[in-house]
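Student: Have a look at this prediction, sequence included:
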Amino acid sequence: MKGKREGNHDGMLGSFLSADSGRIYSDFMSQQAQTINPRVKFWTRTASIMGLAPGFVILSSLMAQLTGEGWPLAMTSTGALILLPFGIFRYLLRHHRRPWLSSMVLLGLFHWALLLTAILASPSSTMLALRRHGAWPASLVAVKKRAAIQEKVASAVDMLPGAPAEVPYTFRGGAIIVQASFRMGDTVVKAPMILDTGATITAVSPKILEKLGVTPDPRAPVFTFETAGGQASYPLVMLDEISMGGRSVSPVVAAVCQQCETGDAYGLIGLNFASHYRIQIDQRAGKLVMEPRSGWVDRSAEVEPFLELVPDITADSFEARLVNMAPRGISDLVLSVTFLASDGRALREDRVTLKTLPPRGQTALRLDLPQGTDGVRWEVSRAQWIEKDTLPDARNAPLEISQKINDIK
């Protein structure tokens, strides 16, 4: 009988934690607690336990993405996030002087750890779950107020840096239709638009510009679109801001395109807006999820049509005036200048870097001319708009010229 009882004892505790090891662990915890300053101990316990509320709400919101809301979520999240871990901690600390309080502290630390892991692993998914389901406990007791509470939670999440935005959309005729806002000064116009990430530049109907009070300049540069019927060129205008779902880009160049207006939309939202965000389609929710891109976004496709290079080739040098025809300043401008032979061969490629170029401003550049040059080809490698209209005079700003970047024989 004695051997049988010992066998049962080993079977129950040997697979998890023996009584002796549990007592040793509890004694160790008690000794450590006695060496800590009482005030530090109090605030440490308080901070740990305070992790229960935000941890439970945010982690259960992540679970709601899979299970949905309601009582099934309440039972699952309560069991997985509170009852089960608390039961494990309570068992481990059964010999502790204050097992219940210590178990609550460990449970709070457990929630802080899970919360930190979720935020570091996928901050956008965590914020999106909180934005959609952060008020789910209200659906159990105050169904009528749930929408209002969730709206406040969503507004709070939108204030966080890097928070994703959600934009409702509809499918019509195979196109994604979204609501966009256009601003010029204090005037804002809202209109349905087609989200077309295949279009380099945003295109708007003249009706939008009319309501904004914008008249295209007859001397404005044009942008050429590749369409199913061939190439088509449209004049460009610069708008102060375009926004979708509370997320904006400023300034934005748009083509004036009457043909782009359809029965469902007043133009196209192109890559010069969309490239600032990572856009995912959530078909289940019927929304676009827009996550801001971190770092620098190149605007060269918008800038290049507004630049004019007026060359003057002499026997031994290439001199030119670089003119900015846009009403906005340009920064971080990099030009690639390629010198060509009579047979079209590239003799040399130079890179010209200009820190700033003011609105309607110009600057001069001079490059050594390779022998046998018959022509010059140039393009904008990268550029950025400056949001402020007025800039210090940069007509005499020094140019950084790196020659012979790519010698082609």
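Tutor: That came through, no problem. From a predicted model like this one, the values you see are computed outputs, not experimental measurements. Numbers count the residues shown, from 1 in each chain.

Student: got a list of what the closest residue in space to Thr187 that isn't next to it in sequence touches?
Tutor: Spatial nearest neighbour of Thr187, excluding adjacent residues (Cβ to Cβ, 6 or more residues apart in numbering): Leu212 at 5.4 Å. (Each C-beta comes from the backbone N, C-alpha and C, glycine too.) Counting by Cβ atoms under 8 Å, 6 or more residues apart in numbering, Leu212 makes contact with 182-184, 187, 189, 239.

Student: The same query, at a cut-off of 7 Å, please.
Tutor: Neighbouring residues of Leu212 by Cβ atoms under 7 Å, 6 or more residues apart in numbering: 182, 184, 187, 189.

Student: Secondary structure added to those, as CSV?
Tutor: As requested, the contacts of Leu212 are arranged in CSV below (DSSP: H, G, I helix; E, B strand; the rest coil):
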residue, secondary structure
Phe182, strand
Met184, strand
Thr187, strand
Val189, strand
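
Student: Could you identify which of the residues you listed has the most neighbours?
Tutor: Of all the contacts of Leu212, the highest neighbour tally under other Cβ atoms under 10 Å goes to Phe182, namely 26 neighbours.

Student: Next, the buried residues of the helix or strand containing Val352.
Tutor: Using DSSP states H and E, Val352 sits within strand 346-357. For strand 346-357, the buried set under the neighbour-count rule, 16 or more other Cβ atoms under 10 Å, comprises 347-352, 354, 356-357.

Student: Which pLDDT value goes with the residue most central in space within the chain?
Tutor: Centroid check for the chain by Cα atoms, centre = their mean gives Pro292 as the closest residue, at 1.2 Å. Note for Pro292: predicted pLDDT of 88.

Student: Save the contacts of Leu212 as a markdown table, and put in distance to Arg45 too.
Tutor: Below are the contacts of Leu212 laid out as a markdown table (distance: Cβ to Cβ, whole Å):
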| residue | distance to Arg45 |
| --- | --- |
| Phe182 | 54 |
| Met184 | 57 |
| Thr187 | 56 |
| Val189 | 56 |
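
Student: Relative to Ile269, which of those is nearest.
Tutor: Nearest to Ile269, judged by Cβ to Cβ, of the contacts of Leu212 is Phe182 at 10.3 Å.

Student: Could you find the closest non-adjacent residue to that closest one?
Tutor: For Phe182, ignoring the flanking residues on the chain, the nearest one in space by Cβ to Cβ, 6+ apart is Val189 at 4.9 Å.

Student: and the residue nearest to Thr187, what pLDDT?
Tutor: Value listed for Leu212 in the pLDDT field: 94.

Student: Quick check on it: phi, psi?
Tutor: Main-chain torsions, Leu212, degrees, to the nearest 10: phi -80, psi -10.

Student: All the helices of the stretch 201-350 of the chain, in order from the start?
Tutor: 206-212, 271-274, 300-303 (DSSP state H, counting those that start in this stretch).

Student: Tabulate those (CSV), appending distance to Gly230.
Tutor: Shown next, in CSV, are the helices of the stretch 201-350 of the chain (distance: least, Cβ to Cβ, whole Å):
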stretch, distance to Gly230
helix 206-212, 22
helix 271-274, 21
helix 300-303, 20
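
Student: Just tell me which of the ones you listed ends up closest to Ile49.
Tutor: Smallest distance to Ile49 across the helices of the stretch 201-350 of the chain (Cβ to Cβ): 44.7 Å, for helix 271-274.

Student: Can you tell me, leaving aside adjacent residues, what's nearest to Arg90?
Tutor: Nearest non-adjacent residue to Arg90 (Cβ to Cβ, 6+ apart): Ser103, at 4.5 Å.

Student: The one you found - that's part of a strand, no?
Tutor: No - Ser103: not assigned to a strand; according to three-state DSSP it is helix.

Student: From Ile49, how far out is it?
Tutor: Per Cβ to Cβ, to the nearest Å, Ser103 is found 11 Å from Ile49.

Student: Leu83: which of the helices of the stretch 201-350 of the chain is closest?
Tutor: Ranking the helices of the stretch 201-350 of the chain by their distance to Leu83 (criterion: Cβ to Cβ) puts helix 271-274 first, at 45.4 Å.

Student: Show me what the one helix or strand Lys190 maps to packs onto, helices and strands only.
Tutor: Assigned by DSSP H and E, Lys190 falls within strand 187-195. Applying 3 or more Cβ pairs under 7 Å, 6 or more residues apart in numbering; DSSP states H and E, one finds that strand 187-195 contacts strand 175-184, helix 206-212, strand 267-269.

Student: Just the C-alphas of that strand, formatted as PDB.
Tutor: Extracted in PDB, the C-alpha atoms of strand 187-195 (Å, rounded to 0.1, in the frame of the first residue of the first chain):
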ATOM      1  CA  THR A 187     -12.700  75.100 -49.100                       C
ATOM      2  CA  VAL A 188     -13.300  71.400 -48.800                       C
ATOM      3  CA  VAL A 189     -15.100  69.200 -51.400                       C
ATOM      4  CA  LYS A 190     -16.100  65.600 -50.800                       C
ATOM      5  CA  ALA A 191     -16.700  63.300 -53.700                       C
ATOM      6  CA  PRO A 192     -16.700  59.500 -54.500                       C
ATOM      7  CA  MET A 193     -13.600  58.500 -56.300                       C
ATOM      8  CA  ILE A 194     -12.100  55.300 -57.900                       C
ATOM      9  CA  LEU A 195      -9.100  54.000 -56.100                       C
END
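
Student: List the buried residues in it.
Tutor: 189, 191-195.

Student: right, and out of those, which lies closest to Ala326?
Tutor: Set against Ala326, the nearest of the buried residues of strand 187-195 by Cβ to Cβ is Val189 (21.6 Å).
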